[in-house]
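Engineer: What would the 3D arrangement of this be:
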Amino acid sequence: MRAFSLADLVKEVGGHLVSPSPVLVSDITCSSADVQTGALFVAVRGTSVDGHRYIADAATKGAHAAVVEDADALGGLPGIVVKNTRLALSKLAAVMNGNPANKLRTIGITGTNGKTTTNWIVYHVLNRIGGGCQRIGTLGAECMGKGAEVGSLTSPDAISMQRLLRQAVEMGARSCVLETSSHALDQARVEDIDFDVAVFTNLTRDHLDYHKTFENYFAAKRHLFELLKSSSKSTKGAVIHGDDEHGRRLIEQLPSLGLVDWSFGTSEGLALRIRDLQETSEQMIVTLQDRELPDVIRIAAPFIGSHNAENVVAAYGVCRALGYEPAVIAAALARVPQVPGRLERVGEGTPRVFVDYAHTPDALRRVLQAVRLTTEGDVWVVFGCGGDRDKGKRPEMAAVASEFADQVVITSDNPRTEDPRAIINDIMIGAVGPRVVEVDRKSAIQEAISLARTGDTVVIAGKGHEDYQILGNEKIFFSDQEVAKAVLARHDLAS
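Structural biologist: Okay, here's the model as predicted:
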């Protein structure tokens, strides 16, 4: 990263300069722990920590200047005073990394469920037909099959995001597909990314501990389309799930936003209408009516479940918005690999065992309905709920499990600082009928698979790709897949 003068940077973010002499900065950070000599420290007011309290620490570690909302907080350090340091951070991160999104075709995906799978599908299709792609999301970051990193957030902070985009440009990628969580949209982590395409998958209950109301939650998701409207790009494709009531609200607003309608779903009048879905235990065939084609197109993809049909068609819509031919897209969709932790089949034979990230009522319902179609015997579900998160969805999860599974095993997820038994008690309020309660997640998985019979399906829900469990403030290694494989191996030896 080259050096920037404060005088040039203040022109980008507004506010006013507090500097007795010319100052150059060659790095940017919002964490005093990451300060390098010559850094610009941006003091962000977070939900629990105020960065203004760490300016002196940043200066001691070598920061040359700071961006603040309160000039008095500079304490003699050169800086820029702005109204909102979070917005300034987003702009400065983009500028100091060379505005990399301007050099990429950038796709943002938002929604409660389906973001990660749609992200994964788009990434693999564009790697095959689009000259190379980067993905950023819950499964981490990867560019053209290289440099895979495990992420801790669905959408990283603005600095990390812009650095990843810059790396994609440097590696020669032509596109980037990124998950844009409601937190990221609300906290300006993607505020200065020029988008070509925006995707809305659905909106169901989640994160109300943060957003407080469902309307606030929707407003955060809608902001992605406002960013698309203000983008300097010309594509402006809006890929929106039209069967979702909030998706329909967005579709109604497309003319005023000046966005191109690539809506999808089963409802009449959508740009991409799913006319039929055929499934086996290994794949699906989606019959799709593309408004720009005289005949239907059939898409084969290695997934199961109507929710995954929606994800496949959303990915198709992204590629259509970018100008690719339907037959070329369909051929690439047939070769997308399995998504880690999303209806991921563990082992072979019977009982079938799937690991899935479903941690909302709607996601759990969709997964259980998907496996029901190809299950001869009982459907089992093992699930819990995360601690220190939206408590209101806990009984709803139990109600869904009780309705759509034959055998229910309630256990721990990531209890964090809550008592696991207290979380389970909240879940149990919504449970109907027989269920097994086992606080220890490993034991719960072992019990479900051991008791399942030939022809049954066991779904282990909630953690998906995660290879850890958070107990208190400690993160310990834990893999649903490894536990399940060990039990299945014992099954094979016994048979």
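
Engineer: Stretch 371-387: end-to-end distance?
Structural biologist: Length of stretch 371-387, first residue to last, CA to CA, to the nearest Å: 27 Å.

Engineer: Give me the buried stretch members for it, please.
Structural biologist: Neighbour counts using 16 or more other CB atoms under 10 Å place 371, 375, 377-387 of stretch 371-387 among the buried residues. From N, CA and C alone the C-beta is placed, and that goes for glycine too.

Engineer: Which of the residues you listed fall within strands?
Structural biologist: 379-383 (DSSP state E).

Engineer: of those residues, closest to Gln36?
Structural biologist: Phe383 (43.5 Å; CB to CB).

Engineer: Got phi/psi on the residue nearest to the closest one when sequence neighbours are not counted?
Structural biologist: For Phe383, ignoring the flanking residues on the chain, the nearest one in space by CB to CB, 6 or more residues apart in numbering is Ala461 at 4.2 Å. Dihedral pair for Ala461: phi -110, psi 150, per degrees, to the nearest 10.

Engineer: Next, find the distance separating Ala461 from Gly131.
Structural biologist: Distance of Ala461 to Gly131, given as CB to CB, to the nearest Å: 37 Å.

Engineer: Listing request: residues of this protein with sub-threshold pLDDT.
Structural biologist: For the chain, the stretches with pLDDT under 70 are 148-154, 205-212, 492-495.

Engineer: List the residues that contact Gly131.
Structural biologist: 173-175 (CB atoms under 8 Å, 6 or more residues apart in numbering).

Engineer: Can you tell me which of the residues you listed are buried?
Structural biologist: 173-175.

Engineer: quick revisit: ok, the buried residues of stretch 371-387 vs Ala141, which is closest?
Structural biologist: Gly386 (23.2 Å).

Engineer: Am I right that Ile28 is in a strand?
Structural biologist: Yes. Looking at Ile28 with DSSP: H, G, I helix; E, B strand; the rest coil, it is inside a strand.

Engineer: burial measure for it, as a count.
Structural biologist: When neighbours are counted by other CB atoms under 10 Å, Ile28 registers 26.

Engineer: Val318 and Glu396: what is the separation?
Structural biologist: 31 Å.

Engineer: For the two, indicate the residue with more neighbours.
Structural biologist: Val318 (29 against 21).

Engineer: Quick check: chain neighbours aside, which residue is closest to Leu368?
Structural biologist: In space, Leu368 is closest to Phe404, 3.8 Å off (CB to CB, 6+ apart).

Engineer: Touching, that neighbour and Gln369? I think so.
Structural biologist: Yes. Shown here, Phe404 and Gln369 form a contact pair, counting by CB atoms under 8 Å, at 6.1 Å.

Engineer: more crowded one of these two?
Structural biologist: Neighbour count, other CB under 10 Å: between Phe404 and Gln369, Phe404 has more, with 19 against 15.

Engineer: what's near enough to touch that one?
Structural biologist: 364-365, 368-369, 372, 379, 381.

Engineer: Output stretch 482-495 in CSV, but only the C-alpha positions, please.
Structural biologist: Output of stretch 482-495 as CSV, limited to C-alpha atoms (Å, rounded to 0.1, in the frame of the first residue of the first chain):
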residue,chain,number,x,y,z
GLU,A,482,-16.0,-36.3,12.5
VAL,A,483,-18.3,-37.5,15.3
ALA,A,484,-20.8,-38.9,12.8
LYS,A,485,-18.1,-40.6,10.7
ALA,A,486,-16.8,-42.4,13.8
VAL,A,487,-20.3,-43.7,14.7
LEU,A,488,-20.9,-44.8,11.1
ALA,A,489,-17.6,-46.6,11.0
ARG,A,490,-18.6,-48.6,14.1
HIS,A,491,-21.9,-49.4,12.3
ASP,A,492,-20.0,-50.7,9.3
LEU,A,493,-17.8,-52.9,11.5
ALA,A,494,-20.8,-54.4,13.3
SER,A,495,-22.7,-55.1,10.1
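
Engineer: Give me the distance from it to the chain's centre.
Structural biologist: Remark: stretch 482-495 is offset 32 Å from the chain centroid, using CA atoms, centre = their mean, to the nearest Å.

Engineer: Stretch 64-76: end-to-end distance?
Structural biologist: With CA to CA, one end of stretch 64-76 sits 11 Å from the other.

Engineer: same question, stretch 224-241
Structural biologist: 14 Å.

Engineer: Quick check: buried residues in that stretch?
Structural biologist: Buried residues in stretch 224-241 (16+ other CB under 10 Å): 224-225, 227-229, 231, 233, 235-241.

Engineer: Could you tell me which of those belong to strands?
Structural biologist: 237-240.

Engineer: Now flag whichever of those is closest to Thr204.
Structural biologist: Nearest to Thr204 among these, with distances taken as CB to CB, is Ile240, at 15.3 Å.

Engineer: surely the closest one meets Phe264?
Structural biologist: Yes. Ile240 is within contact range of Phe264, at 7.4 Å (criterion: CB under 8 Å).

Engineer: where exactly do the helices run in the stretch 351-495 of the chain?
Structural biologist: 361-372, 393-404, 420-428, 441-451, 480-494 (DSSP state H, counting those that start in this stretch).

Engineer: Quick one: list the elements packing against the longest one.
Structural biologist: The reference is to helix 480-494. Judged by 3 or more CB pairs under 8 Å, 6 or more residues apart in numbering; DSSP states H and E, the packing partners of helix 480-494 are strand 344-346, strand 352-356, helix 441-451, strand 457-461.

Engineer: Domain map for the protein?
Structural biologist: Here the domain assignment for the chain is 4-88, 100-333, 344-494, based on automatic domain parsing.

Engineer: Let me know which of these is the nearest to Ala94.
Structural biologist: Using CB to CB, these put domain 100-333 closest to Ala94, at 3.9 Å.

Engineer: That closest one: end-to-end distance?
Structural biologist: 27 Å.

Engineer: about what we covered before: format the ones in strands among the buried residues of stretch 371-387 as JSON lines; extra columns: distance to Asp194.
Structural biologist: Compiled in JSON lines, those are given as follows (distance: CB to CB, whole Å):
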{"residue": "Val379", "distance to Asp194": "45"}
{"residue": "Trp380", "distance to Asp194": "46"}
{"residue": "Val381", "distance to Asp194": "42"}
{"residue": "Val382", "distance to Asp194": "43"}
{"residue": "Phe383", "distance to Asp194": "39"}
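
Engineer: nearest to Gly455, of those residues?
Structural biologist: For those, the nearest to Gly455 is Val379 (10.6 Å; CB to CB).

Engineer: Need the three-state assignment for Ala327.
Structural biologist: From three-state DSSP, the assignment for Ala327 is helix.

Engineer: From Ala330, how far off is the closest residue in space to it that isn't next to it in sequence?
Structural biologist: Leaving aside its sequence neighbours, Ala327 sits nearest to Ile297 (CB to CB, 6+ apart; 7.5 Å). Applying CB to CB, the value for Ile297 to Ala330 is 6 Å.

Engineer: of those two, who's got more company?
Structural biologist: Ala330 (20 against 17).

Engineer: re the thing from before, now for the buried residues of stretch 371-387: which two are most distant?
Structural biologist: Gly377 and Gly387, at 33.0 Å, using CB to CB across the buried residues of stretch 371-387.

Engineer: circling back: biggest separation within the buried residues of stretch 224-241, which pair?
Structural biologist: Once CB to CB is applied, the buried residues of stretch 224-241 give Lys233 and His241 as the farthest pair, at 22.0 Å.

Engineer: Spatially nearest residue to His359 (excluding sequence neighbours)?
Structural biologist: Gly462 (4.8 Å).

Engineer: In this model Lys393 seems to touch the one you found, though I could be wrong.
Structural biologist: No. Using CB under 8 Å, Gly462 is not in contact with Lys393; the gap is 11.7 Å.
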